[in-house]
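# what follows is a predicted structure for the sequence shown.
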Amino acid sequence: MRKLLGSLLGGIRIVERVLIISINLIMVGLYTFNVLVRETMPQYSSTFAWIDEATRLLMVWAVFIALGLALERGRQVAVTTLFEKMPELPRKAVSILINLTGTVFSCYLVWLGVALVKFVMRTGQLSPTLGLPMYWLYIAPTIGFGLLALRYLLELLNINDRHTRPIATITK
């Protein structure tokens with residue numbers, strides 16, 4: 001069971017990393033192209049107005065896909081001064097409370113995200129310049145908070161501990 005979970009998480013990590021790197025490279029390429037067009041051929045710059053919208057959409061996806069990885073590695077914003085100075089038993093209790101709250105809150109946001117995606121799908125709303133269905137924008141936080149809930153759950157089950165071993169060693 002542990003080995004299966006380890007390989008599943010390894011696959012999820014690879015997909016997350018590939019997506020984040022690909023999204024960032026695409027954004028850099030699009031912005032570079034946009035700047036070159038505006039500087040060298042300004043008469044065509046309005047033709048590529050869609051690039052701004054595309055990069056904003058890609059940025060939203062990159063941020064939400066990275067949520068789970070950031071938590072797993074202990075790279076999220078946190079004030080841990082008091083937590084690190086606590087004795088072992090209160091620290092465990094606070095850690096359980098934090099991870100339980102994070103799991104419940106993330107699952108709640110996934111539930112809200114699914115409802116929002118369904119609502120936006122029914123409206124048929126499209127993005128202004130790309131013409132993409134707007135629900136694609138709202139799928140990103142739903143997936144991101146699902147990945148975050150998974151990481152909080154792993155912390156809750158003592159499979160990962162971002163405070164003592166920031167990079168999960170579940171495959172061992």
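Thanks, I have the structure now.
# pLDDT score for the residue in the chain sticking out farthest from the centre?
Distance from the C-alpha centroid of the chain, by CA atoms, centre = their mean, peaks at residue 43 (37.3 Å). For residue 43, the pLDDT comes out at 89.
# go on, residue 60?
If you check residue 60, the pLDDT there is 96.
# what about it, distance to residue 141?
Between residue 60 and residue 141 the distance is 8 Å, computed by CB to CB, to the nearest Å. Where C-beta positions appear, they are placed from N, C-alpha and C, glycine not excepted.
# those two: which is more packed in?
More neighbours surround residue 141 than the other of residue 60 and residue 141, with 21 against 18 (other CB atoms under 10 Å).
# just the element for that one, please.
Take DSSP states H and E as the rule and residue 141 turns out to sit in helix 135-156.
# list the buried residues for the lowest-mean-pLDDT helix or strand in the chain?
The weakest-scoring helix or strand in the chain, judged by mean pLDDT, DSSP states H and E, is helix 81-85 (a mean of 84). Residues of helix 81-85 include none that count as buried (16 or more other CB atoms under 10 Å).
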